[in-house]
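Asks: Sequence and computational prediction follow.
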Amino acid sequence: MDCKKVFNRFETQDVFLKTVTKPVIDGVQKVALNRKGNALYNAGDIEGARRIFLTTGYSDGLVRIGDYYMTKGRKLDALRMYWIAPDRKKSESIIMELSSLIQNLIHEEDHANG
């Protein structure tokens, strides 16, 4: 089985990389930014709120963004938000679904190649 061949089917789709370096933000700045992120989210600017919540590491905000993405069928984007939050309960159900999908793809590839 050629795993690279299996995953090449998805090379045109967006992927994400998790980084661990966060900017240094003092408590006062973090509170102000989180309030701004909440205001953006409530006004419907989800992507603006997402950028702020990622910068500040605001877990509740990241989970809300993930929940929003789930309602829009954007499971990979939701997984990213849940993972960074971290909300393992919500991320695990998506991971299990993706694991099953990958197993099926590998199984199909094995059968196609005889």
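Replies: Happy to help now that I have it. Computed from a predicted structure; not experimentally measured.
Asks: can you give me the offset of the helix or strand that contains Leu105 from its chain's centre?
Replies: According to DSSP states H and E, Leu105 maps onto helix 88-112. Centre-to-centre, helix 88-112 and its host chain are 16 Å apart (CA atoms, centre = their mean, to the nearest Å).
Asks: which of the residues in that helix are buried?
Replies: Going by neighbour count (16 or more other CB atoms under 10 Å), the buried part of helix 88-112 is Lys90, Ser91, Ile94. (Glycine included, C-beta is placed from N, CA and C.)
Asks: okay, the angle between the one helix or strand Asp60 maps to and helix 88-112?
Replies: Element membership of Asp60 [criterion: DSSP H and E] is helix 59-71. Angle of helix 59-71 versus helix 88-112, following axes from the mean of the first three to the mean of the last three CA atoms, to 10 degrees, is 40 degrees.
Asks: now for helix 59-71, which elements pack on it?
Replies: Helices and strands touching helix 59-71, by 3 or more CB pairs under 8 Å, 6 or more residues apart in numbering; DSSP states H and E, are helix 27-42, helix 46-56, helix 75-84.
Asks: Give me the contact list for that helix.
Replies: Residues outside helix 59-71 that contact it (CB atoms under 8 Å, 6 or more residues apart in numbering): 34, 37-38, 41, 46, 49-50, 52-54, 75, 77-82, 84-87, 90.
Asks: Spell out for me the ChimeraX command that would select the buried members of the residues you listed.
Replies: In ChimeraX syntax, the buried subset of the contacts of helix 59-71 is picked out as below (16+ other CB under 10 Å):
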select :34,37,38,41,49,50,52,53,54,77,78,79,80,81,82,84,85,87,90
